[in-house]
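With the input below, show me the fold.
(chains A and B)
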Amino acid sequence: MSGQAGREAALLPVLAELTRHHRRACPPYDRILAALGVPADRPWASIAELPWLPVGLFKRHALKSIPDEEVFRVLSSSGTTGAEPARIYLDRATAAAQGRALASAMAPVLGSKRLPMLIVDSAAVTRSGSARGAGVLGMATFGRDHVYALDADGRPDAAAVAGFLTRHGGGPFLTFGFTFMVWLYLYELAVEHRFDLSNGVLIHSGGWKRLEERSVDNATLRRRFAEDTGLSRIHNYYGMVEQLGSVFVEGPSGDGLYCPDAADVVIRDPLTWASQPTGVPGLIEVVSILPRSYPGHVLLTDDVGVVDGVDDGDRPGKRFRVLGRLPRAEPRGCSDTYAEPARR
Amino acid sequence: MIQQRFPAAGDIEAPVLLEELGVEPDGGPLTVGDPRVVDFLAGFAGRLLTPGGVRRFPELASLGFFLRRAEITRTLDRLGGDGTGLRFPRGLVFHVPPANVDTIFVYSWALSALAGNRNVVRISPRAAGAAERALEALNEALAEAHPAVRRTQRMVTYGHDDAVTAALSAACDLRVIWGGDRSVTEVRRHPLAPRARDLTFPDRTSFAAISVSGWQQASEATRAEAALGFFNDAYWFDQAACASPRALFWLGEDDAALVARGEFFAHLRRAVDARRYVTEPAMAVQKRVAAYGAAADGLLRSIRLLGNEIAMLELVDAAALPMGWMGAGTFPQATVAGLDALAAVVGPKDQTCSYFGFGPGELDRLAHLLGGRGIDRVVPFGSALSFSAVWDGYDLLAELTRLTVLEPPAASRG
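Here you go, the predicted structure:
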C-alpha cells in the first residue's frame, strides 16, 4: 500500500495505541473519553473514528501523560491577544521526536545543508517572548549567517537585505517570514530596489486575512514573487504549538499543503462532526503519532480548511488548504466580564 | 467628552451636564409617579409595541409590556400600599448598566424616572441592536413629552473616562451598578457623597428544577409548552444572563427521572427545531471545550449531545457544578431526592430558580427551606428572563425612593 491508504495503515495502529496510552497515563483524558462513552478497549477502524480533543481545551487544563519530574519543556501558544495561552507539556523524547519531524518535513524543501538565511522580521522579535518570536527562533535553526530584513523599529532595512544578497544572493539561500510580512516588506522592498531573489527558497506561514484585505491570495503571491523578483521556490506551511511536529508544507507547485510522515489531517463537518469528502470545507483536525507526553495526538483546530485532492498532486497523501479561522464565540449576558462564579 | 444619546444632543462636559440637571423643570420638581413621566413612559411603550418593532427585537416587546400604563399603575399602587411613610424621590441617580444585555438600562432608568428621580444613565459604547432601537424610540417619544422629561433625564455614552465616572458618582444621591462583580468593584473606586449609597447587582447564576412526578402527570401539550418555555429561558441570552437557567435539577426517584429526562430533552429538541435555532460552529466548539473540561476536572459522569444545540452533562455531584459560562445550550444536570436536597446545593450567588411541575405548597416550602440564603426568584418555566420591579431581592421602586415619616399631632390620635 502506498499513498493515503498506506499512511492510514501505518498511522492507525500507533494512534490507537497512543489513545490507550494516554487513557492510562492521563486521568483527565480518560475521564473525558469515559464521559463520552468511549469503551477503553474499543477498536478503531479508521483515523476519522478516533476521538478528538478541541485545541481550546489545552488553554484551561494541564493535560499531560508524564509525571511532573519528566516535564522537559512547557510550550505556550499565542492565541489571539488577551486569550489564555495553551500549555503543552513535553518530555525529552517527545521534544526530540518533534524536532526530528520538523527537520524531516523541511528536508525536501531545504536539502540537507544549512543555508544562509534572510529573516523577514526584526531581530528584536526573537527577544520578545512572543509566539512570533518563537516561530522565528524555531525556523532559524534551519539556516546560518542570519540577517534580519527589518530594523529594530520594524521598518524594512534595505541596506541589510542588499548586504545579504551581495554576500549570499549568488548561491542558494533561505528566506523566512510570516506571510503578510513577507508580502508587505520583502516583496515591496525587492521590487523597489530591483533585488534578484531567484536563488532563494521562501518559507512562509501565518494567516491570509491581512493579505485578503489587499486581494492577494496564494496564487497571486507566488506569481508576483516569481515574475517580479525571480523567487519561484515558495512554500507556505501550516502548524501549531499544540502539535509541534506536524508541519504541513506546501508542495513545489503550490497545489496544497501536505502532511509529514507522522501526521494526517481530517476535515470535519461542524454539524455532524463526520469526516468531510474531498472538496467540502470543514474544521481541520490534525493527527500525529508524536505526542506521547500529552494527549495531543488527535486535535480539532479552530481553523477551517478543505482537502482539494488525495494522491493526485506534487506528493502522495492529502493536499489541503487553510481557509481561515472560526470567529470566537462570545456570550451575551448580564455580567460584563463573565468572571468565574465561585464553586458551591 | 460625553456624548448625549437621550435626549439626543451635542457633546457635553460633566460639570455642564450636572449643572443643567440641577435646574428646576417647568411645573416643578418631579414627584413619585409623576404624570409627566407616566405619560412619557406610556408613549415610549406604545412605540416599542408596534408589530414591526416586536418582530425585530422581541426583548423590546417585554420592555414595552412592562411599561404599559396599566402595568405602571400596578407598580405604583404596590409602592403606595405599604403604609410606612410618605414616598419622595431620592434626587439624582447615576446608572451604570451592563454592556451586553441590551435592555437593562431602560428598566433601571424607567423605574427611577417613575420614582421621580433625575437620572444619568451611562450607556456602553458597545451597545447595539435593541439598545439603539430603544434610544431611537425614547427620542421619538420625547417630541410629545412634557419638557420636564427632557430637563431631568439623560442617557450618555463616554469611553474609559474615570473623571466623568468620578464626577457623576460624587454628585449623585444613588448609584445603580449592574454588570457583575468586576463592574461593581471597578465603579466603587469612585467615592460617593456621604449621604449617597450604591444599589449593586453582582454576579449571579440561576438553575432550573423539574418535579419528576409533576412531569409524569403532565399532558403532552403541557410538556411541550414547558420545553418551549425552558427553551426561551435558556437560549434567549445564550444562557449567559444572570437569570438564564444553567444547571437542571430533577426532583424524584432516579429511575423515573431518567425516563422523564429522555422525554424532556426530546421535547426540547423539538422546540429548538421549531424555533429554527442553530448553534454556530464556533459556539459548538466552545461548548465541547467547556464540557470536555468539566469532564477532565472529574465533575461529569457523562456527556450526551443532541446535535450541536443541546449538551446534557451528568453531574457526579449536584453540589459541584462546572464554573463559568459553558456556551449556549449546555445543561449540567443531576437527580436530587427532594426539596431538602435541592435547598442544600443552593448558594448565595443563585438568583433565579425556574421550575416545572411543583405545586404552590412545595414552592413555598422551598423558599422557607432557603430562608433567604440564596434564590431571589422562584418562577415558572418561560418567565426566567422577565424583568420585574423586584430584582435580586430588592424592591427597586422602594430603593429608588426615600421615606418621610409623618406622625400626626397627639390631639388627633384616636
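
For the residue most central in space within chain A, give me its contacts.
Among the residues of chain A, the one closest to the centroid is residue A:239, at 0.6 Å (C-alpha atoms, centre = their mean). The neighbours of residue A:239, taking C-beta atoms under 8 Å, 6 or more residues apart in numbering or on different chains as the test, are A:205, A:246-248. From N, CA and C alone the C-beta is placed, and that goes for glycine too.

how about a markdown table for those, with secondary structure added?
Formatted as a markdown table, those follow (DSSP: H, G, I helix; E, B strand; the rest coil):
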| residue | secondary structure |
| --- | --- |
| A:205 | strand |
| A:246 | coil |
| A:247 | coil |
| A:248 | strand |
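
Skip the chain neighbours and tell me the closest residue to residue A:94.
Leaving aside its chain neighbours, residue A:94 sits nearest to residue A:293 (4.1 Å; criterion: C-beta to C-beta, 6 or more residues apart in numbering or on different chains).

Among the contacts of residue A:239, list the two that are farthest apart in space.
Farthest apart among the contacts of residue A:239 by C-beta to C-beta are A:205 and A:246. That separation is 12.7 Å.

which among the contacts of residue A:239 gets closest to residue B:265?
residue A:246 (37.7 Å).

hmm, who's touching the helix ranked longest in chain A?
For chain A, the longest helix by residue count, based on DSSP state H, is helix A:3-25. Residues outside helix A:3-25 that contact it (C-beta under 8 Å, 6+ apart): A:1, A:29-30, A:33, A:40, A:43-44, A:46-47, A:50-51, A:65-66, A:259, A:261-262, A:264, A:287, A:289, A:291-292, A:295, A:297-298, A:310-311, A:316-318.

what angle separates the helix or strand just after that helix from helix A:3-25?
Using DSSP states H and E, the helix or strand that directly follows helix A:3-25 along the chain is helix A:27-35. Following axes from the mean of the first three to the mean of the last three C-alpha atoms, to 10 degrees, one obtains 110 degrees for the angle between helix A:27-35 and helix A:3-25.

quick one: buried residues of helix A:27-35?
Counting neighbours by 16 or more other C-beta atoms under 10 Å in any protein chain shown, one finds that the buried residues in helix A:27-35 are A:28-35.

Wondering if it reaches chain B at all.
Yes - using C-beta under 8 Å from any C-beta of the partner chain, we find that helix A:27-35 touches chain B at A:28-29, A:31-32, A:34-35.

from those, which is closest to residue B:212?
Distance to residue B:212 across the residues of helix A:27-35 next to chain B (C-beta to C-beta) is lowest for residue A:35, with 23.5 Å.

Grab the nearest non-local neighbour of the closest one.
Nearest non-adjacent residue to residue A:35, counting by C-beta to C-beta, 6+ apart: residue B:295, 3.9 Å away.

my guess is the one you found meets residue A:30, correct?
No - the pair residue B:295 / residue A:30 is not scored as a contact, 9.7 Å apart, by C-beta atoms under 8 Å.

how long is stretch A:118-133 from one end to the other?
15 Å (C-alpha to C-alpha, to the nearest Å).

Can you tell me what sits against that stretch?
Contacts to stretch A:118-133, defined as C-beta under 8 Å, 6+ apart, come from residues A:77-78, A:136-137, A:139-140, A:143, A:146-154, A:161, A:164, A:168, A:173-178, A:181-182, A:185-186, A:200, A:241.

Show the model's pLDDT score for the residue in the stretch 51-200 of chain A that chain B sits nearest to.
With C-beta to the nearest C-beta as the measure, residue A:56 is the residue of the stretch 51-200 of chain A nearest to chain B, at 4.0 Å. On pLDDT, residue A:56 comes in at 92.

Just give the closest residue to it, not the sequence neighbours.
Of all residues not flanking residue A:56 in the chain, residue B:289 sits nearest, at 4.0 Å (C-beta to C-beta, 6+ apart).

What helix or strand is the one you found located in?
For residue B:289, the element it lies in under DSSP H and E is helix B:281-296.

Tell me the helix or strand right after that helix.
Using DSSP H and E, the first helix or strand after helix B:281-296 is strand B:300-306.

which parts of that following strand are buried?
The neighbour-count check on strand B:300-306 (16+ other C-beta under 10 Å) flags B:300, B:303-305 as buried.

helix or strand for residue B:333, which one?
strand B:330-336.

what do you get for residue A:279?
Residue A:279 belongs to no helix or strand when assigned by DSSP H and E.

So it versus chain B, what's the distance?
18 Å (C-beta to the nearest C-beta, to the nearest Å).
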